[in-house]
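A.B. asks: Fold the following for me, if possible:
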Amino acid sequence: MRRITVFLLVVCIALGAPHLGAQEDWIRTGTGLGVEKVRLAVPEFQLALGATPNSDTLRKVFNDTLWNDLENAGIFEVVSKSFYPLSQPGRPTDVVLDAWGNPPASAGMLAFGNLGVANDVLAVKGWLYDVKNSASPLVLGKQYSEAATPENARLIAHRFADEIILRLGGGLPGIAESKIFFISNRSGHKEVWTMDYDGAGQRQLTRLGSIALSPRISPDGGRVAFTSFAGGGVELAM
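C.D. replies: Here you go, the predicted model:
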């Protein structure tokens, strides 16, 4: 009886195999399945009046960093710039909501602003608009000022990106301002280095001329602890 049962089972599988092979169903895996991402338009920030010669350089650094942060966040569908209206807003009075909310852009949110340099200070103003809400489009408005350096242009872009992610990402903070600490021997010795989360802004922190290992950031983010061999033995250093 057992042999007959096994035989029937094999026959059933063989008969069903063509039907199984003909099916085109796929198992989908991933994050955010079934969730429609916010369509976010991010036109380049415009130069404010009275900009200095290095404003163009800082503007490019800022715009590139902001775009990459928001695209890397994974919670937006960043609208291609090829779909943007010809007129790029630099301040709220420049925004035409329908031009951004309707095709071809069909954006839901719009991040825009301006920047300028005066007295070696970089000043940035940024806004986030809900272009579908004509009655009250403002979601976020921020102002930043730092010394006019490419590093600070990146820092401000990271800060503004994190503000946008916080408001549109369900209250979860962004990681654009995060720092990574690592060991590199590119200087000839194993030293502690740091960089932004995206690999930019790499900078050497220690210059012990020995061996440093296992860097760890303190809970308050103010100090870095690591293992050092600079004294001839193993010791904890900060």
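
A.B. asks: For the rest of this, base every contact and every neighbour count on C-alpha atoms.
C.D. replies: Will do.

A.B. asks: Now do the SS call for the residue nearest to Leu140 when sequence neighbours are not counted.
C.D. replies: The shortest distance from Leu140 to any non-neighbouring residue, by C-alpha to C-alpha, 6 or more residues apart in numbering, is to Leu128 (4.9 Å). Using DSSP: H, G, I helix; E, B strand; the rest coil, the structure places Leu128 in strand.

A.B. asks: beta partners of Leu128?
C.D. replies: With beta bridges defined as DSSP bridges, Leu128 has these partners: Ala111, Leu140.

A.B. asks: what sits against it?
C.D. replies: Met109, Leu110, Ala111, Phe112, Leu138, Val139, Leu140, Gly141, Ile164 (C-alpha atoms under 8 Å, 6 or more residues apart in numbering).

A.B. asks: if I look at the third one, how far off is Asn63?
C.D. replies: Spelled out, that is Ala111. 11 Å (C-alpha to C-alpha, to the nearest Å).

A.B. asks: Which one's more surrounded, the two?
C.D. replies: Ala111 (23 against 19; other C-alpha atoms under 10 Å).

A.B. asks: still on that earlier bit, just the pLDDT for the residue nearest to Leu140.
C.D. replies: pLDDT, Leu128: 98.

A.B. asks: Could you do the one 5 residues further on as well?
C.D. replies: Predicted confidence (pLDDT) for Asn133: 96.

A.B. asks: One more: Ala41?
C.D. replies: According to the prediction, Ala41 has pLDDT 98.

A.B. asks: low pLDDT regions in this protein?
C.D. replies: Residue ranges of the chain with pLDDT under 70: 1-35, 50-51.

A.B. asks: where exactly do the strands run in the chain?
C.D. replies: Counting by DSSP state E, the chain has strands at residues 38-41, 46-47, 76-78, 109-118, 121-130, 138-147, 179-184, 191-196, 203-204, 212-217, 224-228, 235-237.

A.B. asks: Would you mind putting those into a markdown table with distance to His158 alongside?
C.D. replies: Below are these laid out as a markdown table (distance: least, C-alpha to C-alpha, whole Å):
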| stretch | distance to His158 |
| --- | --- |
| strand 38-41 | 16 |
| strand 46-47 | 17 |
| strand 76-78 | 16 |
| strand 109-118 | 13 |
| strand 121-130 | 12 |
| strand 138-147 | 11 |
| strand 179-184 | 11 |
| strand 191-196 | 10 |
| strand 203-204 | 17 |
| strand 212-217 | 20 |
| strand 224-228 | 22 |
| strand 235-237 | 30 |
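
A.B. asks: and the residue nearest the centre of the chain, how far is that from Gly174?
C.D. replies: Nearest to the geometric centre of the chain sits Asp69, at 2.3 Å (C-alpha atoms, centre = their mean). Using C-alpha to C-alpha, one gets 9 Å for the distance from Asp69 to Gly174.

A.B. asks: shared neighbours of the two, anything?
C.D. replies: Shared contacts of Asp69 and Gly174 (C-alpha under 8 Å, 6+ apart): Ala161.

A.B. asks: Now for Asp120, how many residues are close by?
C.D. replies: Using other C-alpha under 10 Å, Asp120 has 13 neighbouring residues.

A.B. asks: Same question for Ala105.
C.D. replies: Using other C-alpha under 10 Å: Ala105 sits among 20 other residues.

A.B. asks: What sits closest to it if chain neighbours are left out?
C.D. replies: Nearest non-adjacent residue to Ala105 (C-alpha to C-alpha, 6+ apart): Phe83, at 4.9 Å.

A.B. asks: Just give me the neighbour total for the closest residue to Trp127 other than its chain neighbours.
C.D. replies: Closest residue to Trp127 apart from its sequence neighbours, by C-alpha to C-alpha, 6+ apart: Gly141 at 4.4 Å. Close neighbours of Gly141, defined as other C-alpha under 10 Å, add up to 17.
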